[in-house]
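Participant: Predicted model follows, preceded by the sequence.
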Amino acid sequence: MLLQKVVTPELTRGYLVDGHDRVAGYVVRAAEVALATRPPQLIAAHGLDGPRFSFRADAPWLDVLRFESSPQFHYLDGPREAPVPQWWLRHSRLTPGAELVRMFDDGSCALLARYGDVGTGWDVSHTAAPRPSIAPLSRCIGPVARWHGSYVDADLIDDGRSVVLALDSPPLVESGFVPTPNGRWRRVVPRQDVTELFELNVVARWQGLEVRMVDQWMDSRRDMIARISALTDDGLLARELAMTPVEPGLDESIVPVAALTGLVAQSMLIDPEIMVGPPDR
């Protein structure tokens, strides 16, 4: 099932320049907004009008992200008063084949970039454009495969029949990985060769807000730091906590891991046989 969302210029830059490979926030079924081809129509169809949102109906263009749903995604119901059914998508990695499209005020459109998979990243359509940087791999977000006793970042392709494996550096032992233009090492294996396929779900509470850990690293003082994403669209609380609004309905912060309470890590199995679209409402 093809999903769609209007993205901010800042997020477009993240995809085209920084190689950002995540998706979250409010989404709709692309088929239900297919007649919206101009900025005013896109804003109305996606329920993005009103003082809360920064999208302008008189903008010369708006950018739209289209991507296939996947068993890795988890949805919550969106606003009941939305023009078409909306769902709030929990932060995850993009699915292979996602496209970033620019929709102009004359009804025309242009493909800006296509996301291959976790191994290849974004391919920008403009021949003169530089290849985007590659975002660091994160075991907190996106599918992970247990393969030959190791845990490797992965993506399902070929309708679930195959798995893309991706590494940040050349493998020390395994053969069959090939370098990609973005600097990663990639290999495709049959699904049955993968022992497990799951997404790690690390949740906690921070200042009374339920959050998901989406990145983790050690700073110069060797303290563990986390990027957290709110697990609810509570804009008032997010503003009180001075969280960064990444896009409508999605707020994030960078905090010490020690500031998180009730931290729980779960491996959420990804089964390509289960329903891959948002639930009916």
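Facilitator: Sure thing, it's come through. Numbering: from 1, shown residues only.
Participant: how is this protein carved up into domains?
Facilitator: Using automatic domain parsing, the domain parsing of the chain gives 2-124, 143-198, 200-268.
Participant: can you give me how far the first one is from the chain middle?
Facilitator: The reference is to domain 2-124. 11 Å (CA atoms, centre = their mean, to the nearest Å).
Participant: quick check: mean pLDDT across it?
Facilitator: In this model, domain 2-124 has a mean pLDDT of 91.
Participant: Residues touching the helix or strand where D155 lies, excluding its own?
Facilitator: In the assignment (DSSP states H and E), D155 maps to strand 150-157. Residues from elsewhere that reach strand 150-157, judged by CB atoms under 8 Å, 6 or more residues apart in numbering: 70-71, 93, 95-96, 117-119, 137, 139, 142-147, 162-167, 188, 191, 194, 197, 270, 272. The C-beta positions use only the backbone N, C-alpha and C, and glycine is treated the same way.
Participant: just stretch 167-184 next, same as before
Facilitator: Contacts of stretch 167-184 (CB under 8 Å, 6+ apart): 19, 118-121, 131-132, 134, 136-137, 148, 152-153, 165-166, 185-187.
Participant: if I pick E10, what's in contact with it?
Facilitator: Contacts of E10 (CB under 8 Å, 6+ apart): E247.
Participant: Apply 10 Å and report the result again.
Facilitator: 20, 54, 245-247 (CB atoms under 10 Å, 6 or more residues apart in numbering).
Participant: how would you label it: helix, strand or coil?
Facilitator: Classification of E10 using DSSP: H, G, I helix; E, B strand; the rest coil returns helix.
Participant: Next one: it relative to W217, how far apart?
Facilitator: 22 Å (CB to CB, to the nearest Å).
Participant: just checking, which of the contacts of strand 150-157 belong to helices?
Facilitator: Among the contacts of strand 150-157, no member falls in helices (DSSP state H).
Participant: By neighbour count, sort out the buried ones in these.
Facilitator: 70-71, 93, 95-96, 117-119, 137, 142-145, 147, 162-167, 191, 194, 197, 270, 272 (16 or more other CB atoms under 10 Å).
Participant: V23 - how many residues pack around it?
Facilitator: Other residues near V23 number 25, with proximity taken as other CB atoms under 10 Å.
Participant: so of the buried ones among the contacts of strand 150-157, which ones are in strands?
Facilitator: Of those, the ones assigned to strands by DSSP state E are 93, 143-145, 147, 162-167, 197.
Participant: got TSV for those, with distance to V84 too?
Facilitator: Shown next, in TSV, are those (distance: CB to CB, whole Å):
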residue	distance to V84
R93	25
P143	29
V144	33
A145	35
W147	40
S162	33
V163	33
V164	32
L165	37
A166	35
L167	40
L197	32
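Participant: Pick the one among those closest to H46.
Facilitator: Closest approach between those and H46, by CB to CB: R93, at 22.1 Å.
Participant: Identify the residues contacting that closest one.
Facilitator: 21-23, 70, 72-73, 115, 117-118, 135, 137-138, 141-143, 153-155, 199, 214.
Participant: Kindly state the beta-bridge partners for it.
Facilitator: R22 (DSSP bridges).
Participant: before we move on, what about T244?
Facilitator: When assigned by DSSP bridges, T244 has beta-bridge partners E252.
Participant: Most tightly packed of the domains of the chain?
Facilitator: Most buried of the domains of the chain, by mean neighbour count (mean count of other CB atoms under 10 Å): domain 2-124, with a mean of 18.
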